[in-house]
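In: Please find the sequence and the predicted model below.
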Amino acid sequence: AVEEEKRLAAGDRELARHLSRGASPSRERRSAYSIQRMALPAGQDAFGIAEEYGRWISRFLRPFVKVVIHPDRSLFFYAWLIHLPLLFLKYSPGKSNERRAVFMIRGGLLCREARRNEKSLGWFEIRLFPRLGCFIIGIFKFHPSLPWWLYKLVKAPFHMFVMRYFGRPLGRLPPGARRS
C-alpha cells in the first residue's frame, strides 16, 4: 500500500508539471491540453468511468460517432460511414490502477501521426480523488491533425460542450453500476 501511494504521488507530481506548462502551445509544437474536474460517482474505479465515457459518447453522438472498447481495454472512436478510426486510445496497464486509467493516443484521423517514441505521445487520463469526491478527465499533449486555427475555432469548443454534458449522467449512476 505504501509503494502504491508513492507511485500515485509521483503520478500527481507528473500531472502538476504538465498542468503548470499551460495550455498555450508554441508555434513549433502545437499540442492541446484539456482537463475537467467532475463529481466522482460512488463505487466507480477509473476504468469503469472510462468505459462509461465510451458508451456515453456512442449514445450522445449517435449516429455520428461510435466508440468500440476492445478486450485489451483500448478505445476506438469511429465516425459514421468511415471505417477508419477518428481516434485510437491504447490502454496502458503499466501506468494504470484502480484510481488512474491511462490511454496513449496512438493514432486516428483527428490526430497527427503518433510518434514512435512513447515519451512524445499524448495521452487521455482519468484520475480519481476519492477523498475529495471528484475525478479529473483530461487529454494531454494531443497533436490535432486539423489546422490549429480550425481546431481552436471548432474542435476545442465542441470538446468542452461534450465534456460539460458527460458529467451530468455520471451523477445519476448507482454505486458500482456499469451501463451497457
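Out: Thanks, I have it. This is a predicted model, so every value here is computed, not measured. Numbering: from 1, shown residues only.

In: Bridged to the residue nearest the centre of the chain, which residues?
Out: Nearest to the mean C-alpha position of the chain, counting by C-alpha atoms, centre = their mean, stands Phe124 at 3.3 Å. Beta bridges link Phe124 to Phe103, Ile139 when assigned by DSSP bridges.

In: Let me know the pLDDT of it.
Out: For Phe124, the pLDDT comes out at 93.

In: need the contact list for it.
Out: For Phe124, the contact set (C-beta atoms under 8 Å, 6 or more residues apart in numbering) comprises 75, 89, 102-103, 105, 138-140. Every C-beta, even on glycine, is put in place using the N, C-alpha and C of the backbone.

In: Kindly write the PyMOL command that selects the buried subset of these.
Out: A single PyMOL command selects the buried members of these (16 or more other C-beta atoms under 10 Å):
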select buried, resi 75+89+102+103+105+138+139+140
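
In: Just the buried residues of stretch 148-157, please?
Out: Neighbour counts over stretch 148-157 (16+ other C-beta under 10 Å) mark 151, 155-156 as buried.

In: What residues are bridge-paired with Ile69?
Out: As assigned using DSSP bridges, the partners bridged with Ile69 are Leu75.

In: so who does it touch?
Out: Contacts for Ile69 (C-beta under 8 Å, 6+ apart) come out as 51, 54-55, 75.

In: what does Leu132 give?
Out: Neighbouring residues of Leu132 by C-beta under 8 Å, 6+ apart: Leu40.

In: let's see 7 Å
Out: Listed by C-beta atoms under 7 Å, 6 or more residues apart in numbering, Leu132 has no contact partners.

In: Looking at the contacts of Ile69, which two lie furthest apart in space?
Out: Spatial extent of the contacts of Ile69 (C-beta to C-beta) is set by the pair Arg55 and Leu75 at 10.5 Å.

In: Looking at the buried residues of stretch 148-157, which one is closest to Gly133?
Out: Using C-beta to C-beta, these come closest to Gly133 at Ala156, 27.8 Å.
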